[in-house]
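**Q** Just need the structure, nothing else, for what follows:
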Amino acid sequence: MGKRNKSTQPGRSQNRGSPGPSPLLVIAGLPETTAQAAAATIDNDDTIKWRAIAVPFSNGNDRIYAKDRAILDLGIQVCSFAMKARPGADKVPTPSRIVVAYVPAPQSERLWHVFGHAVWPLRLEHPDWSWPKGMHWRHNIETVTQLLRHAIDTADAEPARDLRLRLEARRTDDVLLLPGRNFHLDGQEQLIGRFRAFMENQLGIAQIEEGIIIEKFCYERLKAFYKRVGGRGKSFAIDARGIVFAKSNVGQDGGVHEIEYEATIKACAEPDETLEVRSMLLNHTLESRYRFGTPLTPAGFQHDAQFEDGRLFDRQVFSCRTKGNINISGDHTNIFPSDVVTGNIVK
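**A** Okay, here's the model as predicted:
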């Protein structure tokens, strides 16, 4: 029997920690000389629960992310890792978290074309590297391993740990859970722009939330919503158009909108499929299940977008991930984490 390829079928020591789903460290930007060895080192460490996957990127330090193929392969491996039936409401999904540890370099923003805001980003940096014989630290396995262990420690500590706990609470007024492509800010900006700026290390969490209005809604202000889902007096975000994004009960209305991992992997294997379409499929698949590295559980998480005081939509434009710009009429529309929109669509 041949040896198992660590980059495509990461193993787990039978002696490692408690059983159950593990967090996943996705390693981006390493060359062939260190990528698989680094993943194997983390994956075989019995002292930690993290699993790791990596694919080789360019050996050239000035063109690490110049081509999309490695990024797509990495996204496919993440989906392959998680390819199993969605657990029930009482179980933790696999992986239990997703962190992308990457080498900062020109065009590293290409990573987020595939991973979007589904993952938690961690930059791998060595500020004191002396470039012996002109060699970048990413070619040195000892240094790479040290930085990856530090990345894991960082992901398990504040502020990443606090944010994970916050997202797991699924607060009704949490800005970070809003559908980014459909929540409008002032000046024709969508929240997705801030999400991506955070992924590119240009904004902090507080800056994502800055200026977004949160209000508490009594029963009369959102009567139709409370009649559908129950409760009253909850706090929700309001976008620049005056649309209230009320977090609905999971699976309450509009079904479940996730692309199955198997379908995504199969589509990405089609020889005639473009790189752009493959990136979109992987991004949609991951964003439908994760937000900043934390699972959105159980399946069916959604927001009900509506005007308050019973006002109806009259051909209100929303951006659906699968249907493009659509016109919605009626009292509300359902928007899912990857910005799939359902409701009364009118021509």
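**Q** I figured residue 282 hits residue 268, correct?
**A** Yes - Residue 282 sits in contact with residue 268 when judged by CB atoms under 8 Å, with a separation of 6.9 Å. All C-beta spots, glycine's among them, are computed from the backbone N, C-alpha and C.
**Q** Name the residues contacting each of the two.
**A** Residues touching both residue 282 and residue 268 (CB atoms under 8 Å, 6 or more residues apart in numbering) are 72, 76.
**Q** If you count contacts, what does the lengthiest helix in the chain end up packed against?
**A** Longest helix in the chain by number of residues (criterion: DSSP state H): helix 141-155. Judged by 3 or more CB pairs under 8 Å, 6 or more residues apart in numbering; DSSP states H and E, helix 141-155 is in contact with strand 24-28, helix 35-43, strand 98-102, strand 120-123.
**Q** Run through the neighbouring helices and strands of the helix or strand following the second one.
**A** So the one you mean is helix 35-43. With elements assigned by DSSP states H and E, the helix or strand that comes after helix 35-43 is strand 51-54. Helices and strands touching strand 51-54, by 3+ CB pairs under 8 Å, 6+ apart, are strand 24-28, helix 35-43, helix 69-81.
**Q** partner strands of the first one, parallel or antiparallel?
**A** Pointing back at strand 24-28 there. If you go by DSSP bridges, strand 24-28 pairs up with strand 51-54 (parallel), strand 98-102 (parallel).
**Q** tell me how far the shortest one is from the chain's mean position?
**A** Strand 51-54 has its average C-alpha position 17 Å from the chain's average C-alpha position, going by CA atoms, centre = their mean, to the nearest Å.
**Q** Show me what counts as buried in it.
**A** Buried residues in strand 51-54, counted by 16 or more other CB atoms under 10 Å: 51-54.
**Q** neighbours of residue 60, just the number please.
**A** Residues lying near residue 60 (other CB atoms under 10 Å) number 10.
**Q** tell me the domain boundaries of this structure?
**A** As given by automatic domain parsing, the domain ranges for the chain are 1-157+258-299, 171-254+300-346.
**Q** looking at those, which has the lowest confidence?
**A** With a mean of 86, domain 1-157+258-299 has the lowest mean pLDDT of the domains of the chain.
**Q** Test my guess that residue 285 contacts residue 80.
**A** No - when contacts are counted by CB under 8 Å, residue 285 is not listed as touching residue 80 (11.5 Å).
**Q** The two: who's more crowded?
**A** Between residue 285 and residue 80, counted using other CB under 10 Å, the more crowded position is residue 285 (26 against 16).
**Q** For the stretch 151-300 of the chain, just list every one of the helices.
**A** Using DSSP state H, counting those that start in this stretch, the helices found in the stretch 151-300 of the chain span residues 160-169, 191-199, 205-209, 223-229, 261-268, 275-287.
**Q** For residue 121, which of those is the nearest?
**A** helix 191-199 (5.3 Å; CB to CB).
**Q** Give the buried residues for the closest one.
**A** So for helix 191-199, counting by 16+ other CB under 10 Å, buried means 191-192, 194-196, 198-199.
**Q** Tell me the one of the residues you listed nearest residue 41?
**A** residue 199 (26.1 Å).
**Q** how much space between the most centrally placed residue in the chain and residue 311?
**A** The chain has residue 118 as the residue nearest its centroid, 0.2 Å off, counting by CA atoms, centre = their mean. Separation of residue 118 from residue 311 (CB to CB, to the nearest Å): 33 Å.
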